[in-house]
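S.K.: quick check, what structure comes out for this input:
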Amino acid sequence: MRALKFMVGDWALEYTVTQHGHTTQTIRGTGSLRFLFDAAYLTFDYRMIEKATEKTIAEAHAIVAWDRQAGLYRYYWFESSGNFHQATGVLQDAQTLALEWQEINCTQIFRSVSADAMYLEMRCPAQELLLRVDFSRL
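M.R.: Down below sits the predicted model:
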């Protein structure tokens, strides 16, 4: 789990959503990633905000765990709407966590680009969706 230390911290989030060829950048947010139980788990709490109204659109909580037996990360995602999903993943390199979402057929990566920046990119071909979230350390 300590290999994910590049993700730990408090972050400002800027969203770029491209669906069916149309791109919007009307969403921002905040996120906090923390180790739990001496780095046995990594938690991710986030809030998505509509830029124009400053209204909270959604909130979520995630838990990342290392499955020693399977040799992969398990990512559990819980949304304020009541929806929840799970993914499995691996480290592609020291700065990149790659995840596969089973139920929604999407791929997602978290990639560090510097000590103060990373991004999340989620591709969902069936929905013609590309979501990019740029993280800037607070």
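
S.K.: quick one, what contacts the residue nearest the centre of the chain?
M.R.: Among the residues of the chain, Leu120 comes closest to the average C-alpha position under Cα atoms, centre = their mean, at 5.6 Å. Leu120 sits next to Gln108, Ile109, Phe110, Leu131, Arg132, Val133, Phe135 when contact means Cβ atoms under 8 Å, 6 or more residues apart in numbering. Yep, even glycine has a C-beta here, placed from its N, CA and C like the rest.

S.K.: do you know the pLDDT at the first one?
M.R.: Per-residue confidence at Gln108 stands at 98 (pLDDT).

S.K.: and it, bridged to which residues?
M.R.: With DSSP bridges as the criterion, Gln108 is bridged to Leu99, Met122.

S.K.: against which helices or strands is the helix-or-strand element of the chain with minimal mean pLDDT packed?
M.R.: Within the chain, no helix or strand scores below strand 22-24, which has a mean of 92 by mean pLDDT, DSSP states H and E. Using 3 or more Cβ pairs under 8 Å, 6 or more residues apart in numbering; DSSP states H and E, the elements in contact with strand 22-24 are strand 9-19.
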